[in-house]
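Undergrad: structure, please.
(chains A, B and C)
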Amino acid sequence: MTEPTFRLNRRSFVAGAGALTAGLAAPSILRAQAKELVVGAASSQKTWSEEIMIPAFEKKYGVKVIFEGTRSLVNLEKMQKNKGNQYLSVVQMDDPVMIIAVAEGLLDPITAARVPNSANLKPGVTHMDGMWVNYLQPWVGIAYNKEKVPTAPTSWADVFDPKYKGRIILPSLQNTEGVLNLFLASYLKTGKPMAEAQLDINSAFAKMAELKPNVLMSYTQEGQAYNLLEQGEAYMVMGAISSVALARKSKGAPIELAAPKEGTFSMPSGIALVKGGPQPELAAAYIDMLLSPEIQEKVTQATFALPTNGKVAPPAGLSNLTIHKVDWANVSKSRADWVSRWDRELSL
Amino acid sequence: MSADALLLDVRGASKAFGSTTVLAGVDLGVHRGEFVSLLGPSGCGKTTLLRIVAGLLGADGGTVRLDGADITGVPTHKRGVGVVFQSYALFPHLSVADNVAFGLRAQRRPADGIKATVARFLDLVHLGALADRPVRGLSGGQQQRVAVARALAVAPKLLLLDEPFSALDRKLRETMQIDLRHILREVGITTVLVTHDQEEALVMSDRIAVMSKGAIEQLDTPEGIYTRPRTPFALGFVGHSIRIAGKAGQTTDGVLTVDTALGPLRAKGSYLPGSPVLLAVRPERVVVGAPPPDVPSNAVTAALTDIVFQGSKVHLHFAAADVTLLVETNRIPPGLSPGATASLSWGLADTMLFPGETA
Amino acid sequence: MKAGRPAFDPVLLLAAPALAYMAVVFALPVLVLILRSFGTPTGPSITAYVSFLSDGFNWRVIGNTLRIAALTSLLCLALGYPTAVALARSKGAVQALLLVAIILPLSVGVIVKAFAWQIVLRRDGVVAAFMVMTGIWDQPQLLLFTESGLVIGAANVFLPFMILPIYSVLKLVDPNLQDAAATLGAPPLYRFFKLALPMAMPGIISGTAIVFSLAASMYVIPTLLIGDRFQTLATLTARAFLLMRNEQLGSTTATVLLVLAVSIVMLSSWAVKAKGDSR
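TA: Residues are numbered from 1 along each chain as shown, chains lettered A, B, ... in the order given. Model (predicted):
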């Protein structure tokens, strides 16, 4: 953790600190000589990466994988500051951040020639002609308390039922899954196809305003929300992420995650090749392995997400679940406006 | 004196803190215009009694009557009992004049009257010039006078003084005692002083109540307590004394012979033969040398151990058979020096007799 | 004597490390923050403030911030003043016990407390059960995610910061002052307003200033207790920096909060002082 942090800040350091930083940066040269691959990812991806993906890769290729688990925007900054002299080979970032990286020319396309398994990907998970792909699909659904809601909800419209007055939890718009709720609301209001409904944000807010009486709270920290759900104070979480809700369920929480019939969205989870990054062949091999049926199976089991490799069967009962595509460019452009509108229209 | 003349009449006041009895059914009557001191060592219950009279502490039993009315259950602010506290308890956020005006304002007296009253009482304690000063910067003596003026300004029926001189140095204390006595006499207020200082009590009081272990041992004039202490405690707490323990012998014509370590001595009184008694005499009643032949006297022989010159008087310390004998004279007897033995004598009439402690 | 006294007391050097520390980790960043709020690509300007203050919603946020801070201070004062009096009058083991009871909760993190509040303030929580049992409420109500719940929770965290300054003032007050006033014929209410309150006022002012500032700038507590649907200047600031990456907006809201908190604290202490002097 410490070395990349220093490297990241090197240019912002004052002159006096230069010598110190140079010294700390030295190991990166040594590292490049040994067979190493640096993956920039998010800290939340650390567990399954280190338990499943990295051991398998290191064993097969005899290299050392350095996993830098931070945040999407940090990875973006690392690439921006080291342009022309990249040390990251692979990045795992949220889709909206990928769009920026593409625009700045920081990524190399993933092709079937370099990454054979990318040919087997499901439709809708390859973006901008392969500039990045989704390696997993953590999907959002309705998490509900099994004691308070004995019959599983089947539609997003169930959340709006007046009998759940003050019992529904929403993610805030600061959370990506909160943004996805807007699109679902617009879809319910307009009946338009999801791709169009996403762009009709007025309808989204109009529908969300109808939900106000039902809203118990809007969270930024998911732990608190799930506590309320498990204690029975809240009955449902609209926009619950599979990797969070099902992980808690597997640990014995009295909750269940419903996949509504209208279909849903998946959380951003992109992977891409860094343009000009070291060890390009190994980088492609890393992505290829992550997309391979064997690893996909293991990782989806561990994370309760859907696979993106079409040859891997989705978990039981979810084979018909439609994952709609998100217009991330639109999200990036408008999110700040939506947040400010949310404050005004959904506040207490 | 009839009971009607009593301004303060405390009957059977008792108080215990947990299992410790602090006051054991105390009676105290104070006449109108009188100055009475409660004198005793710390822990004797004198401050407890004062706080009960002021209503600052509830008694477990007994009644307090003030000016004929039963005030036992009356809250402090409706009693009309003023108090000067040991710490003076001046209000630090107020000026001298505002401190004195505090009680008048609290009682909603008319504003112009307040101003005049404050000025009158500040003049009385000679603090008129400091009226607008904050109380924080005042000297100890000035603070005490503010406290007195403040307490008197509301015209209480009774004034209680709780060790008011203990924070002052000795020289100032003596002047202040005389000053305060004058002021209080001028106002004509009935006063009860709590003190552990016998000289203070002797200087200021019309009568002194000597207290010990939650009870009043003797209530009498200063002279009465000095010359006729009723108990060994009153004897010991007020003034110096020579104390000689012994056993009662035969009583002849109202005069008891007592066997002591210094030989047989005599005192007026009568005890069962063999019972323990205590003989005492005030140091200034003792003369060095043989007694006058025509006055019934006691005489002992003792060795001089020390001479302490005290200005107007001289203390001679003698010892005989483990008994210390203090003799007070006005000059050093010629030819007497430490180590010498001398004959000491005092009149039979000056010999006090108390029951002794059963060993 | 005065002429010989040096103008600079060397004892003041003892404060130098703390001053230097605060200058580097507090004053400097605050200065940078304030400067940044005036910075635009075309040079210094107050446009950020104009656009912030011309938005009615932001006035609501300012109102939220001040109202919650004021109510929290009031609740802390109502609970804290009697406690401080009890603490100042108690002795020995009782006092030690009280002090521990007041200080110990400080060592429990806000997150832990927040989960406890969830249990207590829930619809089927202890408070609701008590209110229904005593007949104050007809049916259980939710206190979580309401302004009342936020004030209750915030007061819980900040109560020691009200009690301790008042206590430290009261313990220096001669306990005989109240007795002296009573012997002068002052009834209890008069003693309270003319004596007890003025005596405690320095403690009340500093306690209120501390609690008000803490409550106006709290971020974690509202995040956990009322959520995203109730914005204060602090939550707005955090979001501007962390989510929107809009540093100018964040510095602007932070500066507005700073100015409001400082001026309200200074105004209130000035008002109390002015009132005291006019007496």
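
Undergrad: end-to-end on stretch B:73-90?
TA: Taking Cα to Cα, to the nearest Å, stretch B:73-90 runs 27 Å from one end to the other.

Undergrad: and that stretch, how far out from the chain middle?
TA: In terms of Cα atoms, centre = their mean, to the nearest Å, the centre of stretch B:73-90 is found 21 Å from the chain centre.

Undergrad: list the residues that contact residue 176.
TA: Defaulting to chain A. By Cβ atoms under 8 Å, 6 or more residues apart in numbering or on different chains, the contact list for A:Thr176 reads A:94, A:267-268. C-beta: built from backbone N, CA, C; applies to glycine.

Undergrad: other chain: chain C
TA: C:Asn176 makes contacts with B:85-87, B:89, as judged by Cβ under 8 Å, 6+ apart.

Undergrad: follow-up on the earlier one: near chain C too, which of the contacts of A:Thr176?
TA: For chain C, no contacts are drawn from these by Cβ under 8 Å from any Cβ of the partner chain.

Undergrad: which of these lies closest to chain C?
TA: Distance to chain C across the contacts of A:Thr176 (Cβ to the nearest Cβ) is lowest for A:Asp94, with 13.0 Å.

Undergrad: could you pull out the strands for the stretch 201-348 of chain A?
TA: Secondary structure of the stretch 201-348 of chain A by DSSP state E, counting those that start in this stretch: the strands cover A:215-219, A:236-241, A:255-258, A:264-265, A:270-274, A:306-307, A:323-324.

Undergrad: among those strands, which is nearest chain B?
TA: Closest approach to chain B among these (Cβ to the nearest Cβ): strand A:215-219, 48.0 Å.

Undergrad: which residues are in contact with the closest one?
TA: Contacts with strand A:215-219, where a contact means Cβ under 8 Å, 6+ apart, come from A:166-172, A:175, A:178, A:225, A:228, A:233-234, A:346, C:142, C:144-145, C:226-229.

Undergrad: just the ones of those in helices?
TA: Applying DSSP state H to the contacts of strand A:215-219, the entries found in helices are A:178, A:225, A:228, A:346.

Undergrad: and the stretch 1-150 of chain B, which of its residues are near chain C?
TA: Within the stretch 1-150 of chain B, the positions near chain C by Cβ under 8 Å from any Cβ are B:54-56, B:75-83, B:85-87, B:89, B:91-93, B:102-103, B:105-107, B:150.

Undergrad: take those residues and keep only those in strands.
TA: Counting by DSSP state E, the part of these found in strands is B:81-83.

Undergrad: pull out the buried positions in the helix or strand hosting B:Glu199.
TA: According to DSSP states H and E, B:Glu199 maps onto helix B:198-204. By neighbour count with 16 or more other Cβ atoms under 10 Å in any protein chain shown, helix B:198-204 contains the buried residues B:198, B:200-202, B:204.

Undergrad: in JSON lines: those, plus pLDDT and distance to B:Thr231.
TA: As requested, the buried residues of helix B:198-204 are exported to JSON lines (pLDDT from 0 to 100; distance: Cβ to Cβ, whole Å):
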{"residue": "B:Gln198", "pLDDT": "91", "distance to B:Thr231": "15"}
{"residue": "B:Glu200", "pLDDT": "92", "distance to B:Thr231": "21"}
{"residue": "B:Ala201", "pLDDT": "93", "distance to B:Thr231": "16"}
{"residue": "B:Leu202", "pLDDT": "91", "distance to B:Thr231": "18"}
{"residue": "B:Met204", "pLDDT": "91", "distance to B:Thr231": "22"}
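
Undergrad: nearest to chain A among these?
TA: Chain A lies nearest to B:Glu200 out of the buried residues of helix B:198-204, by Cβ to the nearest Cβ, at 70.6 Å.

Undergrad: thought that closest one was touching B:Gln177?
TA: Yes - with contact defined as Cβ atoms under 8 Å, B:Glu200 reaches B:Gln177; the gap is 6.1 Å.

Undergrad: which one of the contacts of C:Asn176 is nearest to B:Gly45?
TA: Closest approach to B:Gly45 among those (Cβ to Cβ): B:Gln86, at 16.0 Å.

Undergrad: quick check: the closest one touching B:Leu168?
TA: No - counting by Cβ under 8 Å, B:Gln86 does not reach B:Leu168; the two are 11.0 Å apart.

Undergrad: so which bits of the stretch 51-200 of chain C are right by chain B?
TA: Residues of the stretch 51-200 of chain C lying near chain B by Cβ under 8 Å from any Cβ: C:174, C:176-177, C:179-188, C:190-191, C:194-195, C:198-199.

Undergrad: try 7 Å this time
TA: Contacts of the stretch 51-200 of chain C with chain B, taken as Cβ under 7 Å from any Cβ of the partner chain, map to C:174, C:176-177, C:179-187, C:190, C:195, C:198-199.

Undergrad: let's see which of these end up in strands.
TA: Among these, no member falls in strands (criterion: DSSP E).

Undergrad: and the two most separated of the residues you listed?
TA: Within these, C:Asp174 and C:Pro187 form the most distant pair, 20.1 Å apart (Cβ to Cβ).

Undergrad: next, B:Met352: phi, psi?
TA: Listed backbone geometry of B:Met352 is phi -100, psi 150, with angles given as degrees, to the nearest 10.

Undergrad: what sits closest to it if chain neighbours are left out?
TA: Of all residues not flanking B:Met352 in the chain, B:Ala280 sits nearest, at 4.4 Å (Cβ to Cβ, 6 or more residues apart in numbering or on different chains).

Undergrad: quick check, that neighbour in a strand?
TA: Yes - B:Ala280: assigned to a strand according to DSSP: H, G, I helix; E, B strand; the rest coil.

Undergrad: spatially central residue for the chain, please.
TA: Using chain A. Central residue of chain A (Cα atoms, centre = their mean): A:Pro268, 3.2 Å from the mean position.

Undergrad: should've been chain C
TA: Nearest to chain C centroid, counting by Cα atoms, centre = their mean: C:Val211, 1.3 Å.

Undergrad: what mean pLDDT does the helix or strand that one falls within have?
TA: For C:Val211, the host element (DSSP H and E) is helix C:197-217. Helix C:197-217 comes out with an average pLDDT of 92.

Undergrad: elements contacting it?
TA: Using 3 or more Cβ pairs under 7 Å, 6 or more residues apart in numbering or on different chains; DSSP states H and E as the contact criterion, the neighbours of helix C:197-217 among helices and strands are helix C:56-89, helix C:147-170, helix C:247-278.

Undergrad: report the mean confidence score over the second one.
TA: Here the mean pLDDT over helix C:147-170 is 94, rounded to a whole number.

Undergrad: go through that helix and flag the buried ones.
TA: Using 16+ other Cβ under 10 Å as the test for burial, helix C:147-170 gives C:147, C:149-170.

Undergrad: where does chain A have low pLDDT?
TA: Applying pLDDT under 70 to chain A flags the ranges A:1-34.

Undergrad: give me the nearest residue to the residue of it found nearest chain C, chain neighbours excluded.
TA: Taking Cβ to the nearest Cβ, chain C has its nearest neighbour within chain A at A:Ser172, 3.5 Å off. Nearest residue to A:Ser172 in three dimensions, chain neighbours excluded: C:Asp228, at 3.5 Å (Cβ to Cβ, 6+ apart).

Undergrad: okay but that neighbour is in contact with A:Thr220, surely?
TA: Yes - the criterion here is Cβ atoms under 7 Å, and C:Asp228 meets it with A:Thr220 at 5.8 Å.
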